[in-house]
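> Return a 3D structure for these sequence lines:
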Amino acid sequence: MTDRRVVFVVFDGFQPLDLTGPHEVFHSAGGYACDVVAPRAGPVRSVSGLLVHAGHGVADLDPAGTDTLVVVGGRGVDRAREDAELVAWVAAAAAGARRVASVCSGVFLLAAARVLDGRRVTTHWAREEQLAREHPEVRVDCDPIFVRDGRVWTSAGVTAGMDLALALVEDDLGRDVAHAVARRLVLFLRRPGGQSQFSVALWSRQPATDPVRAAVTAIHADPGARHDIAGLAAHAGLSPRHLQRRFTAEMGAPPAAYVERVRVEAAQRALTGGDEPVEAITRRCGFATAETLRRTFHRRLGVAPSDYRARFRSTAGPHEPEEGRTA
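Presented below is the predicted three-dimensional model:
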């Protein structure tokens with residue numbers, strides 16, 4: 001079997017983890033041939049000063065034949081998206097690729113290449129307002145770790161690129177391989193800064209059909225909404241019985257169990273991301289009462305919501321990172 005060709009796009013001032021993290025995921029999975037392209041072949045300096053060798057420049061690499069195109073982010077993306085030759089190469093490669101992805105602020109380069117028009121995307125939270133302001137043609141949603149809209153995948157900042165790459169591996173090679181890679185790379189560790197959210201790819205399959213994908217999207221878009229089987233079936237355009245069977249087969253869990261897990265994750269993010277009272281989080285995340293939330297946390301996580309907040313939230317308080325160091 002021929003290795004799937006993954007082409008990473010870098011530029012001066014790129015974020016090195018946006019490249020090296022996903023690259024290691026693909027390498028660990030096996031079955032991928034990874035190339036690095038830049039405006040010119042040779043050494044490319046990252047935002048932290050790390051030099052990476054780009055084996056190709058856009059002038060000497062045919063954009064055809066790319067299976068998965070991955071555009072990295074970093075402070076240098078603002079200059080890179082003004083490089084007409086680079087933008088044209090990205091547009092040509094994206095047009096022929098089976099799959100297109102961006103990590104962090106790499107989404108700005110894809111937007112400049114008009115790859116994202118009309119699509120739902122995500123990026124680093126520090127760039128959310130800028131992306132929405134400069135590209136009204138895209139729908140920006142910065143809550144998820146990554147977003148899939150058809151063949152276009154976008155991720156949040158820096159280490160989220162590894163979550164994205166795991167999801168791409170799972171999409172290609174299956175859940176067992178993705179989990180083996182996650183274990184090998186120790187990706188169950190809590191994220192820095194108290195953002196103790198769990199990556200969707202580590203527990204959830206990717207929906208295989210549009211009806212189930214529509215139901216899954218509705219759940220993630222508003223975990224607190226009333227996601228009974230009739231409502232989800234309406235999103236999917238299927239009968240409730242048909243959706244129940246297909247959802248369970250594709251996602252590995254019945255709709256009700258899936259909804260509960262997404263709601264737990266939403267509550268986890270809320271508990272570690274601010275000072276909102278538990279009662280308010282209970283309502284917003286779709287739990288009937290605080291006692292229901294407490295019992296669900298004990299059953300799924302083995303800890304009460306208040307203890308979870310105390311254990312995982314940052315003790316240093318809110319921290320605004322330098323955008324150039326993170327995005």
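
> how about low-confidence regions in the protein?
Across the chain, residues meeting the criterion (pLDDT under 70) sit at 1, 188-204, 312-327.

> For it, just list every one of the strands.
If you assign secondary structure with DSSP state E, the strands in the chain sit at 4-9, 32-38, 42-45, 51-54, 56-57, 68-71, 99-102, 120-121, 139-140, 146-149, 152-155.

> I'd like those as a markdown table, with distance to R213 and mean neighbour count appended.
C-betas here are computed from N, CA, C, even on glycine. What follows is those, written out as a markdown table (distance: least, C-beta to C-beta, whole Å; neighbours: other C-beta atoms under 10 Å):
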| stretch | distance to R213 | mean neighbour count |
| --- | --- | --- |
| strand 4-9 | 22 | 22 |
| strand 32-38 | 24 | 20 |
| strand 42-45 | 36 | 16 |
| strand 51-54 | 35 | 15 |
| strand 56-57 | 34 | 16 |
| strand 68-71 | 19 | 28 |
| strand 99-102 | 15 | 26 |
| strand 120-121 | 12 | 22 |
| strand 139-140 | 16 | 18 |
| strand 146-149 | 8 | 22 |
| strand 152-155 | 13 | 26 |
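
> Show me the residue sitting in the middle of the chain in space.
Per C-alpha atoms, centre = their mean, the C-alpha nearest to the average position across the chain is that of F146, at 1.6 Å.

> Ok, which of the strands of the chain comes nearest R269?
Taking C-beta to C-beta, strand 146-149 is the member of the strands of the chain nearest to R269, at 14.7 Å.

> what's in contact with the closest one?
Strand 146-149 has contacts (C-beta atoms under 8 Å, 6 or more residues apart in numbering) with 119-122, 141, 153-156, 160, 163-164, 167, 200-201, 206.

> go with 7 Å
Applying C-beta atoms under 7 Å, 6 or more residues apart in numbering, the contact partners of strand 146-149 are 119-122, 141, 153-156, 160, 163-164, 167.

> now do stretch 41-61
Applying C-beta under 7 Å, 6+ apart, the set of residues contacting stretch 41-61 from outside is 10-16, 19, 35-40, 74-76, 85-86, 89, 324-325.

> From those residues, list the buried ones, please.
Using 16 or more other C-beta atoms under 10 Å as the burial test, the contacts of stretch 41-61 include 10-16, 19, 36-40, 74-76, 86, 89, 324 as buried.

> follow-up on the earlier one: output the strands of the chain in TSV; the columns should cover distance to V278.
Rendered in TSV, the data for these read as follows (distance: least, C-beta to C-beta, whole Å):
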stretch	distance to V278
strand 4-9	43
strand 32-38	44
strand 42-45	47
strand 51-54	46
strand 56-57	53
strand 68-71	39
strand 99-102	36
strand 120-121	30
strand 139-140	29
strand 146-149	28
strand 152-155	30
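
> mind checking which of those is nearest V303?
Taking C-beta to C-beta as the criterion, strand 146-149 is the member of these that comes nearest to V303, at 26.4 Å.

> Direction included, what does that closest one pair up with?
For strand 146-149, the paired strands and their directions (DSSP bridges) are strand 152-155 (antiparallel).

> Can you tell me what sits against the strand it pairs with?
With contacts defined as C-beta under 7 Å, 6+ apart, strand 152-155 is touched by 99-104, 107, 115-116, 119, 121-123, 145-147, 161, 163-164, 168.

> can you dump the C-alpha coordinates of that strand into CSV?
Taking only C-alpha atoms (Å, rounded to 0.1, in the frame of the first residue of the first chain), the coordinates of strand 152-155 have been written out as CSV:
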residue,chain,number,x,y,z
VAL,A,152,-11.5,20.8,5.6
TRP,A,153,-10.2,20.4,9.2
THR,A,154,-9.1,23.3,11.4
SER,A,155,-7.7,23.2,14.9
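
> sorry, back to before: so which of the strands of the chain is nearest G231?
strand 120-121 (20.3 Å).

> Report the strands that pair with that closest one, each with its relative direction.
With DSSP bridges as the test, strand 120-121 pairs up with strand 139-140 (parallel).

> Just the residues contacting the partner strand, thanks.
Taking contacts as C-beta under 7 Å, 6+ apart, the residues outside strand 139-140 that touch it are R119, R120, V121, E128, L131, A132.

> do the same with stretch 222-242
For stretch 222-242, the external contacting residues (C-beta under 7 Å, 6+ apart) are 211-212, 214-215, 218-219, 243-244, 246, 255, 259, 262-263, 266, 284-286.

> If we use 6 Å, what do you get?
Applying C-beta atoms under 6 Å, 6 or more residues apart in numbering, the set of residues contacting stretch 222-242 from outside is 211, 214-215, 218-219, 243, 255, 259, 262-263, 266, 284-286.
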